[in-house]
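**Student:** Pasting a predicted model and its sequence here:
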Amino acid sequence: MLGSLVIVFREAIEAGLIIGIVLAATRGVPSRGAWVGLGIGLGAVGAGIIALFAEAISGAFEGSGQELLNASVLGAAVVMLMWHNAWMARHGREMAAEMAAVGRAVTTGSRPMTALAVVVGLAVLREGAEVVLFLYGIVATGTSGSALLLGGVLGLAAGAAFTGLTYYGLLAIPPRHIFAVTSVLIALLAAGMAAQAVQFLDAAGMINVLGQRLWDSSGIVPQDGILGRMLHTLIGYTDRPTELQLIAYLATLVIMAALTWVATPPRTARATA
Amino acid sequence: MRAIVLALAWVGLSVAYAAAPAQEFQLVIRDHKFEPAEIRVPAGKRVSIYVSNEDATPEEFDSPALKVEKVIPGKSKGLVRVGPLDPGRYEFIGEFNADTAKGVVIAE
């Protein structure tokens, strides 16, 4: 039972962290619960569909279907996160002012919740498909299935608890800094995803350059440990990065910063008066 | 705009893609074990490992050392591309049956 709990929890951490960050970033948006719920729901359905067609996907594109799917899902999430940060750069300041004025009860309802719901959905989809396949394997073999299944459910619950922890941890940040902090978190999240995406393209045989390993810190913080997994999701930590991964990581951060800079409206004279 | 930039990047990457011939190796999963449990591959080269899962249940070929995480559904084959590797030992497991499914790639 403990084995399946650990496996499912490990897969749930990543999605859990992302949901926690999204919830914190959208504090005060009236319909955010529905959007995030929708993202989780659709992601779970998508995970089931992917698990169902795992064989066909795996066999597609000369055996690289799974890698290409993962790379596409990550790429799409990166684009959504970029969109969110650019949008926040444009409107964040008005919203912060508004929140301070109205006592943070009301905020603009037109936040790019669709983008974030998609990000949540994609995270659940990617991690969920593995969980579904794993649990299916347990059910299919039928050997002491119930105990393992219980472990799986507990693992999911632990993942959900992790979401809560992330969320309430971020809530400790004063409201006027929350946009800045979550924007930085989201930029790092996206950079990590981009680095992961290029590795999947490498595994798919799409990229054959800059695959040299830069360093190996698995002896200090192994990426498959709990801390390693958390850092992996939060800041894109990789214990054995390739040159291409580092480039993708840094390039994403640069693009994010550039987009934010371009999208930020010029300060008006009023601000200094 | 962003979509265009990404599309261009994608095209650029696809053009840069050169199909380097990779050496091929075979691996079988049977009763939640890898056979052979040890494969020797040349260091410094791209290597293709065909993993054939003969069990009815899915397995995940997982190796942080090889930077691979790949689900191989029951009764099917999966292709794992690794390398170029520095000489050394690279352990891998079947994550869904980590107690029994263990193996190592030795690059030399």
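**Tutor:** Happy to help now that I have it. From a predicted model like this one, the values you see are computed outputs, not experimental measurements. Residues are numbered from 1 along each chain as shown, chains lettered A, B, ... in the order given.
**Student:** For chain A, which segments count as helices?
**Tutor:** Counting by DSSP state H, chain A has helices at residues A:2-25, A:32-52, A:54-63, A:65-102, A:113-141, A:145-171, A:175-203, A:226-235, A:243-263.
**Student:** Buried residues in the fifth one, which are they?
**Tutor:** So the one you mean is helix A:113-141. Of the residues in helix A:113-141, A:113, A:115-138 count as buried by neighbour count, 16 or more other C-beta atoms under 10 Å in any protein chain shown. From N, CA and C alone the C-beta is placed, and that goes for glycine too.
**Student:** The first one now?
**Tutor:** Buried positions in helix A:2-25, judged by neighbour count with 16+ other C-beta under 10 Å: A:3-5, A:7-25.
**Student:** go on, the third one?
**Tutor:** Of the residues in helix A:54-63, those with enough neighbours to count as buried (16+ other C-beta under 10 Å) are A:54-55, A:57-59, A:61, A:63.
**Student:** which of those residues are close to chain B?
**Tutor:** The subset of the buried residues of helix A:54-63 within reach of chain B, by C-beta under 8 Å from any C-beta of the partner chain, is A:54-55, A:58-59, A:63.
**Student:** And those, which is closest to chain B?
**Tutor:** Nearest to chain B among these: A:Gly63, at 3.4 Å, using C-beta to the nearest C-beta.
**Student:** Excluding covalently adjacent residues, which one is nearest to the closest one?
**Tutor:** Nearest in space to A:Gly63, with sequence neighbours left out and distances taken as C-beta to C-beta, 6 or more residues apart in numbering or on different chains, is B:Leu79 at 3.4 Å.
**Student:** Likewise for A:Ser4?
**Tutor:** Excluding the flanking residues, the one nearest A:Ser4 by C-beta to C-beta, 6+ apart is A:Gly151, at 3.6 Å.
**Student:** Count the residues that sit near the one you found.
**Tutor:** Close neighbours of A:Gly151, defined as other C-beta atoms under 10 Å in any protein chain shown, add up to 21.
**Student:** Can you give me every residue that contacts it?
**Tutor:** A:Gly151 makes contact with A:1-5, A:8, according to C-beta atoms under 8 Å, 6 or more residues apart in numbering or on different chains.
**Student:** dump the residue contacts of A:Leu201.
**Tutor:** By C-beta under 8 Å, 6+ apart, A:Leu201 lies in contact with A:67-68, A:71, A:207, B:13.
**Student:** any idea how far chain A is from B:Phe34?
**Tutor:** Taking C-beta to the nearest C-beta, to the nearest Å as the measure, B:Phe34 falls 16 Å from chain A.
**Student:** for B:Gly88, same thing?
**Tutor:** With C-beta to the nearest C-beta as the criterion, B:Gly88 and chain A are 10 Å apart.
**Student:** count of residues packed around that residue?
**Tutor:** B:Gly88, neighbours per other C-beta under 10 Å, totals 12.
**Student:** Just to check, it is in contact with B:Val104?
**Tutor:** No: the pair B:Gly88 / B:Val104 is not scored as a contact, 10.1 Å apart, by C-beta atoms under 8 Å.
**Student:** could the ones next to chain B among the buried residues of helix A:54-63 go into JSON lines alongside pLDDT and distance to B:Pro36?
**Tutor:** Formatted as JSON lines, these follow (pLDDT from 0 to 100; distance: C-beta to C-beta, whole Å):
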{"residue": "A:Ala54", "pLDDT": "87", "distance to B:Pro36": "25"}
{"residue": "A:Glu55", "pLDDT": "84", "distance to B:Pro36": "24"}
{"residue": "A:Ser58", "pLDDT": "84", "distance to B:Pro36": "22"}
{"residue": "A:Gly59", "pLDDT": "81", "distance to B:Pro36": "24"}
{"residue": "A:Gly63", "pLDDT": "82", "distance to B:Pro36": "20"}
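**Student:** Quick check: A:Tyr249 touching A:Ala190?
**Tutor:** No: A:Tyr249 sits out of contact with A:Ala190 when judged by C-beta under 8 Å, with a separation of 9.6 Å.
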